[in-house]
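*Asks:* no sequence for this one, just the structure:
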Ligand code: 0X9
Ligand code: ZN
């Protein structure tokens, strides 16, 4: 964006967001994504972004590859009738009577943030290799909350954000799923206009995608100890409340300490800097999933904005997918172990 344009917008008091510092580069580079040689069934890669079909094929093969650890559930279907999956990872998954604490991961709410579902799948792979982290927790991962948007961002508009529901305006599609949750819905940082990128929807939980997530969260509400909403970009841990600066979350101290621990682990694993931020006003937004989950009483809730800090924005280079996955893995190992320690301390 040229200086004069951003100056003009600022002068006119028009809120704007820089989505790409060099749009021509992004749009003129022929996207290789239409022409990739598709992976064989059930195979995963973090060397490049996987298309929708590949992601589905990997997810759908998991239960037969790991029958004792993985349970796959279809939570519902998107507006365009694609499945919304929940992957549950546990030891001895066959006995579903487990009452272990749950760590819940939500990813892929925003279509263009491709590194979010990629990192969630990276985490799934790591968890399946790490039985010790499954001993005392059950991991629940919704890897692609917005499949319709993801497909649209591959085939039509790389920077698409919302789902693809038709609206009252025949020209405009999509609800911002992260504005559609029923906690202070429709307040700050969201729009009533269907053409806006942050359209909140006609009412809270109006979308099949958010309904599916709502029901999955409510099912394990009492035993969920941590919830992570994965987005990009910015390298941030954001904790509630995100809808206001007027109220502090009652557990702010603990939320910050845990986030500091996660950021420290990432720093020593990869050198990447993640900043911790509460309701500082950068992301004053109502109707996001994080606040709704925190309002249920889940103690450790974060939105994690993954890499980078703005150089490539939503089009994070493929070489950085695995490192971003490692960031998440380092953070989740720490979180999992801290929750174990807390539980032990409580018991003694
Ligand atoms: O705006 C969002 O939904 C998130 N940022 S993004 O750039 N990935 O779109 C931030 C959500 C943070 N949560 C709250 N403020 N409640
Ligand atoms: Zn996002």
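*Replies:* Done, it's in. Keep in mind it's a predicted model, so treat the numbers as computed, not measured. Ligands and ions are numbered 1, 2, ... in the order given.

*Asks:* biggest helix in this structure by residues?
*Replies:* For the chain, the longest helix by residue count, based on DSSP state H, is helix 321-347.

*Asks:* Measure how buried residue 141 is and give me the count.
*Replies:* For residue 141, the count of nearby residues is 24 (other CB atoms under 10 Å). For the C-beta atoms, the positions are set from N, CA and C on the backbone; glycine is no exception.

*Asks:* Who are the contact partners of it?
*Replies:* Contacts here follow CB atoms under 8 Å, 6 or more residues apart in numbering; on that basis residue 141 touches 86, 87, 88, 89, 104, 105, 107, 120, 123, 124.

*Asks:* how about the longest helix of the chain against ligand 1, any contact?
*Replies:* No - judged by CB under 6 Å from any ligand atom, helix 321-347 and ligand 1 are separated, with a smallest distance of 13.8 Å.

*Asks:* Name the SS class of whatever residue of the stretch 51-200 of the chain ends up closest to ligand 2, please.
*Replies:* Across the stretch 51-200 of the chain, the shortest distance to ligand 2 (CB to the ion) belongs to residue 110, at 3.5 Å. Following DSSP: H, G, I helix; E, B strand; the rest coil, we place residue 110 in the coil state.

*Asks:* I'd guessed it sits against residue 178; true?
*Replies:* Yes - judged on CB atoms under 8 Å, residue 110 makes contact with residue 178 at a distance of 6.7 Å.

*Asks:* ok, back up a step: give me the neighbour count for the residue of the stretch 51-200 of the chain closest to ligand 2.
*Replies:* Residue 110 sits with 26 neighbouring residues when counted by other CB under 10 Å.

*Asks:* can you list the weak-confidence ranges in the protein?
*Replies:* Along the chain, the model assigns pLDDT under 70 to residues 1-13, 15-35, 93-97, 281.

*Asks:* so what's in contact with residue 110 and residue 178 at the same time?
*Replies:* Counting by CB under 8 Å, 6+ apart, the common neighbours of residue 110 and residue 178 are residue 231.

*Asks:* re the thing from before, by neighbour count, which of the contacts of residue 141 wins?
*Replies:* Most crowded among the contacts of residue 141, counting by other CB under 10 Å, is residue 107 at 28 neighbours.

*Asks:* thought that residue was touching residue 120?
*Replies:* Yes - the pair residue 107 / residue 120 is scored as a contact, 3.9 Å apart, by CB under 8 Å.

*Asks:* okay, and the common contacts of those two?
*Replies:* Residues touching both residue 107 and residue 120 by CB under 8 Å, 6+ apart: 141, 143, 230.

*Asks:* The last one should be in a strand, yeah?
*Replies:* Yes - using three-state DSSP, the assignment for residue 230 is a strand.

*Asks:* contacting residues for it?
*Replies:* Here residue 230 is in contact with 105, 106, 107, 108, 113, 116, 119, 120, 303, 304, 306, 328 (CB under 8 Å, 6+ apart).

*Asks:* Make a markdown table out of the shared contacts of residue 107 and residue 120 and add distance to ligand 1.
*Replies:* Formatted as a markdown table, the shared contacts of residue 107 and residue 120 follow (distance: CB to the nearest ligand atom, whole Å):
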| residue | distance to ligand 1 |
| --- | --- |
| 141 | 18 |
| 143 | 16 |
| 230 | 9 |
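
*Asks:* Would you mind reformatting those (as CSV) and adding columns for distance to ligand 2 while you're at it?
*Replies:* Compiled in CSV, the shared contacts of residue 107 and residue 120 are given as follows (distance: CB to the ion, whole Å):
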residue, distance to ligand 2
141, 17
143, 15
230, 8
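
*Asks:* which phi and psi does the closest residue to ligand 1 within the stretch 101-250 of the chain have?
*Replies:* Using CB to the nearest ligand atom, the closest approach of the stretch 101-250 of the chain to ligand 1 is made by residue 242 at 2.2 Å. Note on residue 242: backbone dihedrals following degrees, to the nearest 10 are phi -100, psi 0.

*Asks:* neighbours around it, how many?
*Replies:* Around residue 242 there are 29 other residues, counting by other CB under 10 Å.

*Asks:* That one contacts residue 290, correct?
*Replies:* Yes - if you go by CB under 8 Å, residue 242 and residue 290 touch, sitting 6.0 Å apart.

*Asks:* tell me which element the residue nearest to the residue of the stretch 51-200 of the chain closest to ligand 2 when sequence neighbours are not counted falls in.
*Replies:* Using CB to CB, 6 or more residues apart in numbering and skipping the chain neighbours, the partner closest in space to residue 110 is residue 161 (5.1 Å). Following DSSP states H and E, there is no helix or strand that holds residue 161.

*Asks:* same check, this time on the one 10 residues further on
*Replies:* No secondary structure element spans residue 171, as it lies outside all helices and strands (assigned by DSSP H and E).

*Asks:* Residue numbers of the chain in contact with ligand 1?
*Replies:* Counting by CB under 6 Å from any ligand atom, the chain sits next to ligand 1 at 110, 113, 178, 231, 238, 242, 283, 285, 288, 290-291, 303, 305.

*Asks:* so where do the helices sit in the stretch 151-300 of the chain?
*Replies:* 208-219, 252-270, 289-295 (DSSP state H, counting those that start in this stretch).
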